[in-house]
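**Student:** Can you look at this prediction? I've put the sequence above it.
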Amino acid sequence: MVETSRRDIRKLKLDELKQFFVEHGEKPFRAQQVYEWLWNKSAKDFDQMTNLSVGLREMLKQNFAINHINVDRMQRSSDGTIKNAVTLYDGMVVESVLIPTEKRITACVSSQVGCSLACKFCATARLKRQRNLSPDEIYDQVVAIKEQAQLYYGRPLTNIVFMGMGEPLLNYANVMSAIEKITSQKGLNMANKRITVSTVGVAKMIVKMADDNVKFNLAVSLHAALDKTRSAIMPINDTNPLSELGDALKYWYQKTKRKVTYEYVVWKGINDTEEHAQALLKFCKIIPSKVNLIEYNPIDEGEFQQASEAALNMYMDILERNGITTRIRKSRGKDIDAACGQLANKT
Ligand code: SAH
């Protein structure tokens, strides 16, 4: 574990770093060099900063720590998916996932340790929320997967989804700051359109994102378009009902002109009737949208079971017939508990 009494250097903005150097009798351009080492080259140690004098590196070591993450354990699924157990500077653990497909390599990253949302079907919910991840802890997960993509697949990382542990919009400032670094030329220089932030649908934060004019994609974990059902499986719906979510999405579309993707699991006896499919269709008409019907990944013996193929086809039929693009998404990495909703630091 890294010592925590020294300040985490990556909490400093470039300007603050410049100020630190000036105050210590150094040239401000040194700050630029260090910043590049920290973000662009993902240095984990001051000794890697070979264009700084040994004396300067020592001075930095005395003042700062680099609280980088450690990928402690890596599991590979038979389908090529890689799950990482990531240890943070304070010993807490989150998980991140590399998902390879023919055309893409996607990094699925966590934004919080645990989650406060208590969705009944999700394993992460059982961990409760421990703390938010800092921007660099989010950034480092992406860097680690980028390196794995090259090492194991000889291909570049192409996409990033905030679909790991936690609710990104309840750690908004840090997630935005991480995305800023990921997309900046001094960081990973990845395109915003390759990034998707997935949310349980926190209405007021969707409004905030629209006001902030963000450029990445938005996905909403909907799972039910009838309040009674949604509240029963996703407690957030009690204080944040579908009408409010719908209004926030309208605002989002007005401001950004960007489509939204709805994630939706169809469960036996919960939402597998035509009434539910019609309600989803109605919700989909609020703003331009598409639907991913995602396969349920059982997290116990319990009350949730994947609906029949007939029910999925009924959904497909109703949505597609009405012009809503709908895809059925098969799970990846199920054998290593790396699939949606399975991230729970099991080991
Ligand atoms: N909190 C954000 C980010 C988590 S993304 C959000 O809710 O969107 C994880 C995705 O997996 C969400 O769409 C979630 O609803 C879904 N999910 C959770 N548990 C699942 C399970 N057991 N099987 C399939 N999908 C699940």
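**Tutor:** Arrived safely, thanks for sending.
**Student:** Which positions in the stretch 201-347 of the chain make contact with the ligand?
**Tutor:** 221, 263, 265, 294, 296, 297, 299, 340, 341 (C-beta under 6 Å from any ligand atom). The way it works is simple: take the backbone N, C-alpha and C, and place the C-beta from them, glycine included.
**Student:** residues touching the spatially closest residue to the first one that is not a sequence neighbour, list them.
**Tutor:** In this case it means residue 221. Distances taken as C-beta to C-beta, 6 or more residues apart in numbering place residue 263 nearest to residue 221, at 4.7 Å, with adjacent residues excluded. By C-beta atoms under 8 Å, 6 or more residues apart in numbering, the contact list for residue 263 reads 198, 219, 220, 221, 222, 223, 292, 294, 340.
**Student:** how about a cut-off of 10 Å?
**Tutor:** For residue 263, the contact set (C-beta atoms under 10 Å, 6 or more residues apart in numbering) comprises 163, 198-200, 219-223, 291-294, 329, 340.
**Student:** circling back to that earlier point, neighbour-wise, which one of the residues of the stretch 201-347 of the chain next to the ligand leads?
**Tutor:** Neighbour tally across those (other C-beta atoms under 10 Å): the maximum, 26 neighbours, falls on residue 340.
**Student:** For that residue, which three-state class applies?
**Tutor:** For residue 340, the assignment made with DSSP: H, G, I helix; E, B strand; the rest coil gives coil.
**Student:** same thing with the one 3 residues further on?
**Tutor:** Going by three-state DSSP, the secondary structure assigned to residue 343 is coil.
**Student:** Show the backbone phi and psi for it.
**Tutor:** When quoted as degrees, to the nearest 10, the phi and psi of residue 343 stand at phi -70, psi 110.
**Student:** for residue 162, same thing?
**Tutor:** phi -90, psi 70.
**Student:** go on, residue 267?
**Tutor:** Here is the backbone geometry of residue 267 (degrees, to the nearest 10): phi -110, psi 150.
**Student:** so who does it touch?
**Tutor:** 121, 223-224, 229, 233, 276, 296, 303-307, 311.
**Student:** Provide a PyMOL selection command restricted to the buried entries of these.
**Tutor:** This is the PyMOL syntax for the buried subset of these, where burial follows 16 or more other C-beta atoms under 10 Å:
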select buried, resi 121+223+224+229+233+276+296+304+306+307+311
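**Student:** quick one: least confident of the contacts of residue 267?
**Tutor:** Here the lowest pLDDT out of the contacts of residue 267 sits on residue 303, with 84.
**Student:** Go through stretch 154-168 and flag the buried ones.
**Tutor:** Buried residues in stretch 154-168 (16+ other C-beta under 10 Å): 157, 158, 159, 160, 161, 162, 163, 164, 165, 166, 167, 168.
**Student:** make that stretch 314-323, sorry
**Tutor:** 314, 315, 316, 318, 319.
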